[in-house]
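>>> Predicted structure and sequence below. I'll ask about it afterward.
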Amino acid sequence: MLEAVFWANAGIAIVSALACITRRSPVASALWLIMTLFATAVMFVLLDAHFIAVLQVMVYSGAIMVLFLFVIMLLNLGDQSATDMKGWFGRVVGLALGVFVMVELWVITKVVPVDQIRLPAGELNRMTVDEGAIAPVAQVLYTTYLLPFLLTAILLLAAIAGAVVLAKREV
């Protein structure tokens, strides 16, 4: 049963990633990216990496995507007249995706027993018990990957500054 949930989320992640890169509207593209990130977070939960799943939702789906949507709105890139899915086809696809997500949530909460959600104790579980969930991630992040971490922060700061400069220019 867990494999079915995993493969369903893998399919959702692939389809929503493809939808993200094929949309004409930047807002629709950003929303499809959020769906991809949520599906990835569910896969992390299935792999018993709960802390990484929470980081995926809070940092990427929350903070970064809010930043993207803020930049899109600041630059006024959203075109209200053009939509990606018009008419009955768009409504059917939206309804089908909504029903699929609801069924998946029902399966996760009602059908899968709680003992099947937890994986057997392994290295990740031992480290979590010994050091907590945050310490192993923080240790690697602030020692081995400190330079990429700081470069990412500088890149995000430059993106914000660029968005403000583009929004303030005279048209």
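Alright, I've got the coordinates.
>>> ok, and the helix or strand in this structure with the lowest average confidence?
Using mean pLDDT, DSSP states H and E, helix 114-117 stands out as the lowest-scoring helix or strand of the chain, at a mean of 53.
>>> Following the record's annotation, map out the domains of the protein.
As assigned by automatic domain parsing, the chain contains the domains 2-119, 120-171.
>>> Now the most centrally placed residue in the chain: which helix or strand?
Residue closest to the average C-alpha location in the chain (C-alpha atoms, centre = their mean): Leu37, at 1.6 Å. Using DSSP states H and E, Leu37 sits in helix 26-46.
>>> moving C-terminal of that helix, what's the next helix or strand?
With secondary structure assigned by DSSP H and E, helix 26-46 is succeeded by helix 50-55.
>>> so what secondary structure elements neighbour the next helix-or-strand element following that next one?
Where DSSP H and E defines the elements, the next helix or strand beyond helix 50-55 is helix 65-75. Judged by 3 or more C-beta pairs under 8 Å, 6 or more residues apart in numbering; DSSP states H and E, helix 65-75 is in contact with helix 26-46, helix 146-168. From N, CA and C alone the C-beta is placed, and that goes for glycine too.
>>> Those helices: which one's closest to Leu105?
helix 26-46 (10.0 Å; C-beta to C-beta).
>>> How far away from the center of its chain is the strand or helix carrying Val92?
Val92 is part of helix 87-106, with elements assigned from DSSP H and E. In terms of C-alpha atoms, centre = their mean, to the nearest Å, the centre of helix 87-106 is found 19 Å from the chain centre.
>>> and the angle for that helix with helix 26-46?
20 degrees (axes from the mean of the first three to the mean of the last three C-alpha atoms, to 10 degrees).
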